[in-house]
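Student: give me the fold of what follows.
(4 chains)
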Number of protein chains: 2
Amino acid sequence: MKNKNGNTVPEKNIERLLLYRRILANLRREKKTAVFSHQLALMSDASPAQVRRDFMLIGYFGSPVRGYDIDQLIQSINEFVDAQEVQKVTLVGVGHLGRAILNYFQGRSDKLAITAAFDRNPEKVGRVLHGIHCYPTERIQEIVKAEGIDVAIITVPESEAQDVADRLVQAGIRGILNYAPIKLNLPPEIFVDNRDMLLAVEKIAFFARRRIRKESVS
Amino acid sequence: MKNKNGNTVPEKNIERLLLYRRILANLRREKKTAVFSHQLALMSDASPAQVRRDFMLIGYFGSPVRGYDIDQLIQSINEFVDAQEVQKVTLVGVGHLGRAILNYFQGRSDKLAITAAFDRNPEKVGRVLHGIHCYPTERIQEIVKAEGIDVAIITVPESEAQDVADRLVQAGIRGILNYAPIKLNLPPEIFVDNRDMLLAVEKIAFFARRRIRKESVS
DNA sequence: TCATGTGAAGACATTCACAGCA
DNA sequence: TGCTGTGAATGTCTTCACATGA
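Tutor: Numbers count the residues shown, from 1 in each chain, chains lettered A, B, ... in the order given. Below you'll find the predicted structure:
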């Protein structure tokens, strides 16, 4: 959603590279060692040419005979998209959504780690949920700064989101994944992605109605 | 994410129109009656020209003097994006994520209604959560067909997602919002949007690192 | 033969910039 | 004056199509 890059790598390329990496990891688990662009294309809803272009971007070259070496390709994507060290993430708002994310994150990524959660509900504060310690919202500045966290996931209600975001920015956060249904008012150097679930359903409802049966024979 | 339209309206336009509608509804609540393109642009991270183009698409015309009449504009967007009657939605997978969505949906939309939920856990089946009755997964075909539901939200674990999707398609669903982290194998006429939370965080982590401080003085 | 890497073309999306209007 | 609506220009993304190589 956000655009205006101070950098030059297009968002879409990164999205696809991350998806390829996920697919490649699965293939590796199945003991595959190489893959062709058209196979990856099928598995990722991209076109073969797009897959090849994406790999040009990161400077990985395959062989016309064997295709792309899965191990090496994963390695190249890692080098391109991952930080040198583990990047720390925090989650603010330990409701159902927050817990779903904490749970889903568990052990899924070795380069990203949720290291602290926050909630304003005193009943949740002090508890450990899915292995993550939960602190009171007031301590965001202190703890985010101390831990060196630079990505945040906001899963608080609409009414609290801006306040939380302000605290996070003061603490030095650089990127926010916002599940609250409002546009956050933030300095332009902060990278934000808004993921509004109601808008998502509305969009699908729209296209579900218009989608025309294609393919079949022709 | 899905593309290849059998129709002709670009996905991005719809996304923005839905967002404008949300913003306009808020403005109306504040008793505003009209708005200019540059104001809407600010509130939606679009450019003024983009806002005007989007309204061209739906054939709504503002006045250079007053701007856009909020009531009329909402009405025009409604006519363009909403179905005639209430569109029914189902949710499969009543875990934390599912419950977050059920809860968030409550009374938020008058043109979309979640009318049934499904889960394979016998403890959840038969209960009513956030006002929605929960049925066993095996009854998807029967109930989705009977109710005439045409949009589904999948919030089950990865391992069950494809099976659930197959049942939904057999039941005649037309659009799917998929929160499971796999690509579903579906006929091309089904509109799918994949919302993988881990990929979302990975993307933000990437751009959070590269985002360079801009603006300031220059 | 068949898949890669890529220049060039094409499709799509955004922005510019200005006429027209009150 | 300050906005809208829009043709034209620009910018971005995707696909085409082919030279290359094993």
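
Student: and A:Asp71, what does it touch?
Tutor: A:28, A:33 (C-beta atoms under 8 Å, 6 or more residues apart in numbering or on different chains). Using the backbone N, CA and C atoms, a C-beta is placed for each residue, glycine as well.

Student: which is the next helix or strand following whichever helix in chain A runs longest?
Tutor: Assignment by DSSP state H gives helix A:11-29 as the longest helix of chain A. Once the chain leaves helix A:11-29, the next helix or strand it forms, by DSSP states H and E, is strand A:34-35.

Student: how far away is A:Tyr179 from chain B?
Tutor: The gap separating A:Tyr179 from chain B is 9 Å, by C-beta to the nearest C-beta, to the nearest Å.

Student: elements contacting the host helix or strand of A:Leu102?
Tutor: Element membership for A:Leu102, per DSSP H and E: helix A:96-105. Under the contact criterion of 3 or more C-beta pairs under 8 Å, 6 or more residues apart in numbering or on different chains; DSSP states H and E, helix A:96-105 touches strand A:87-92, strand A:112-119, helix B:96-105, helix B:197-210.

Student: rewinding a little: and the angle for the longest helix of chain A with helix B:197-210?
Tutor: Between the axes of helix A:11-29 and helix B:197-210, defined by axes from the mean of the first three to the mean of the last three C-alpha atoms, to 10 degrees, the angle is 130 degrees.

Student: got the buried residues for helix A:11-29?
Tutor: A:11, A:14-24, A:27 (16 or more other C-beta atoms under 10 Å in any protein chain shown).

Student: centroid residue for chain A?
Tutor: Central residue of chain A (C-alpha atoms, centre = their mean): A:Leu177, 7.9 Å from the mean position.

Student: can you get me a residue count around the residue lying closest to that residue once chain neighbours are set aside?
Tutor: In this structure, A:Leu177 finds its nearest non-sequential neighbour in A:Ile153, 4.6 Å apart by C-beta to C-beta, 6 or more residues apart in numbering or on different chains. Using other C-beta atoms under 10 Å in any protein chain shown, A:Ile153 has 27 neighbouring residues.

Student: before we move on, the earlier item: in a strand, the residue nearest to the centre of chain A, correct?
Tutor: Yes: assessed with DSSP: H, G, I helix; E, B strand; the rest coil, A:Leu177 lies in a strand.

Student: who does it bridge with?
Tutor: Beta-bridge partners recorded for A:Leu177 (DSSP bridges): A:Ile153, A:Asp193.

Student: for chain A, which spans come out with low pLDDT?
Tutor: A:1-7, A:211-218 (pLDDT under 70).

Student: which positions in stretch A:192-209 come out as buried?
Tutor: Counting neighbours by 16+ other C-beta under 10 Å, stretch A:192-209 gives A:192-209 as buried.

Student: typo on my end, it should be stretch A:32-51
Tutor: A:34-37, A:39-41, A:43-46, A:50-51.

Student: go on, stretch A:149-166?
Tutor: A:149-156, A:161-162, A:164-165.

Student: quick check: end-to-end length of that stretch?
Tutor: End-to-end distance for stretch A:149-166, by C-alpha to C-alpha, to the nearest Å: 15 Å.

Student: and it, how far from the chain's centre?
Tutor: 16 Å (C-alpha atoms, centre = their mean, to the nearest Å).

Student: contacting residues for A:Ala116?
Tutor: A:Ala116 neighbours (C-beta under 8 Å, 6+ apart): A:90-91, A:132-133, A:135, A:143-144, A:147, A:149.
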